[in-house]
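> Attaching a predicted model along with its sequence, questions to come.
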Amino acid sequence: MDSQSLTHLYQQHHGWLRGWLHRRLGHAGDAADFAHDTYLRVIESRTALADIREPRAFLTTLAQRVMVSHFRRREVERAYLDALAQSPEELAPSPEERAIVLETLFEIDRLLDSLPPKVRTAFLWAQLDGLPYAEIAERLGVSLSSVKQYMARAIRHCYFPESAA
């Protein structure tokens, strides 16, 4: 990544991005945090900054992804904490165990979110609801062999995420 292009992008558009985020979030501190995370995504991206024709559109897309990711993580955390609140106090995990479980849940959520919708839905119905493949096929309006392919793809993706396409 060309640091000069990154510096130029930051100098030219950081203030605008923070303002855009502030209008959407209603909080200057959150806007600053999300702007920071957006520029981290810029650094992590493989996009050649010199090739970006619409930098604000590029930054907006990345910022929206950062916000969606943040709110999904918050939703997963809230669901986990709600589930913990329903369990007996003597079974409550330690803070370290909670952190490990949350990070695992975030990773599972990220993996599942990267699957096509029908594949993800079939996998979740089978794993969480225990639905038989025939019922999943009927609900999705696909063949039984499609459900089997969806399940194989989801399982492969979850066990070998770096090799799954």
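Perfect, I can see it now. Numbers count the residues shown, from 1 in each chain.
> Okay, G19 and P161: tell me how far apart.
Per C-beta to C-beta, to the nearest Å, G19 is found 36 Å from P161. C-beta: built from backbone N, CA, C; applies to glycine.
> buried stuff in the longest helix along the chain?
Counting by DSSP state H, the longest helix found in the chain is helix 55-86. For helix 55-86, the neighbour count (16 or more other C-beta atoms under 10 Å) marks P55, F58, L59, T60, L62, A63, V66, M67, S69, V76, Y80 as buried.
> can you list these in TSV and add pLDDT and distance to H27?
Formatted as TSV, the buried residues of helix 55-86 follow (pLDDT from 0 to 100; distance: C-beta to C-beta, whole Å):
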residue	pLDDT	distance to H27
P55	91	24
F58	92	24
L59	94	19
T60	95	18
L62	93	19
A63	95	14
V66	92	15
M67	93	12
S69	89	18
V76	90	21
Y80	91	24
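> where are the low-confidence patches of this protein?
The chain contains residues with pLDDT under 70 at 1-2, 163-165.
> and it, what are its domains?
1-94, 114-165 (automatic domain parsing).
> give me phi/psi at P161?
phi -60, psi -30 (degrees, to the nearest 10).
> Equivalent analysis for S45, please.
Dihedral angles (degrees, to the nearest 10) for S45: phi -70, psi 160.
> Repeat that for I136.
As for I136, its main-chain torsions (degrees, to the nearest 10) stand at phi -60, psi -40.
> How about T47?
Per-residue torsions, T47: phi -70, psi 130 (degrees, to the nearest 10).
> what about it, neighbour count?
By other C-beta atoms under 10 Å, 13 other residues sit near T47.
> and if you look at S45?
A count of neighbours around S45, defined by other C-beta under 10 Å, yields 12.
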